[in-house]
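In: got a predicted structure here, sequence first:
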Amino acid sequence: AVAAWLENVAIGVTGATLFDTVMNRIGDPFFGVTLNPGHLIHLDEWMHSPVSRNSDTRLGSHMAFQVDIIPATGSPWFTANMEDGIALLDERGRAEFAERWPQARERIQARRSFMQEELGIALHEEVMPFSNLASHLAPFWLSPDLAFTLR
C-alpha cells in the first residue's frame, strides 16, 4: 500500500486517488485503516488533509506530506505502520531547492535512487523523500540489512 501510494503521489493527483490506492490494497475492515492514509504536516496534519474518500482536492507543488498509513487490526495479528515525510516540488521549485541547498538535494536524490533501484518503487520526478527510511521495511527489526522490495 505504501509503495503504491508513493508511485501515485504527484502534482495534480486528487486526494481521492491516493485514498483509493491504499483502500484498494488494504481497505478490508480486517486491516482497520480508519484514519486518512496520508496527510499534510504541522497544524494541518489531520484537519485539512486532501487525502480522503471522494476528495477532489488536487495536490500541488510545495506541499509537504506524511505518508501515514496506520493499519490497526484489533487482533493478535500485528501490522506494519509507515510514516514517511515527503514533499512535492515542480521543476522550478526543484531547481531553486538544488541551488539553495545542494547538499540536501544530493541526499534526496540518493534516497530517490535507493527507492527506485533497490526497492523497485517508481517515483514521479516531483517526489522528494525526506527520510533515509522512506518506504524501507525490514522483515526483522534485528536484521536491518534486509528489506522487502517490489521485485
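Out: Structure's in. What do you need? Residues are numbered from 1 along each chain as shown.
In: report the central residue of this protein.
Out: Nearest residue to the geometric centre of the chain (Cα atoms, centre = their mean): residue 67, 3.7 Å.
In: I'd say that residue and residue 2 touch.
Out: Yes: with contact defined as Cβ atoms under 8 Å, residue 67 and residue 2 form a contacting pair (6.1 Å). Glycine gets a C-beta too; all of them are placed from N, C-alpha and C.
In: please name the nearest non-neighbouring residue to the residue nearest to the centre of the chain.
Out: Using Cβ to Cβ, 6 or more residues apart in numbering and skipping residues adjacent in sequence, the residue nearest residue 67 is residue 84, 4.4 Å away.
In: can you tell me which helix or strand the one you found belongs to?
Out: With secondary structure defined by DSSP states H and E, residue 84 is part of strand 82-88.
In: residue 125: neighbour count?
Out: Applying other Cβ atoms under 10 Å, we find 12 residues neighbouring residue 125.
In: mind listing what it touches?
Out: 91, 94 (Cβ atoms under 8 Å, 6 or more residues apart in numbering).
In: so it belongs to a strand, correct?
Out: No: residue assignment for residue 125, taken from DSSP: H, G, I helix; E, B strand; the rest coil, gives coil, which places it outside any strand.
In: what does stretch 44-58 rub up against?
Out: 12-16, 18-19, 23, 35-40, 59, 65-66.
In: let's see it at 7 Å
Out: Outside of stretch 44-58, the residues that reach it under the criterion Cβ atoms under 7 Å, 6 or more residues apart in numbering are 12-16, 18-19, 36-40, 59.
In: stretch 67-85 now?
Out: Identification of contacts with stretch 67-85 by Cβ under 7 Å, 6+ apart yields 1-2, 5-6, 22, 26, 30-33, 35, 37-39, 66, 86, 129-131, 133-135, 137.
In: return the set of buried residues in it.
Out: With burial defined by 16 or more other Cβ atoms under 10 Å, the residues of stretch 67-85 counted as buried are 67-71, 82, 84-85.
In: so which pair among the residues you listed is furthest apart in space?
Out: Distances among these were taken as Cβ to Cβ; the most separated pair is 71 and 85, at 19.3 Å.
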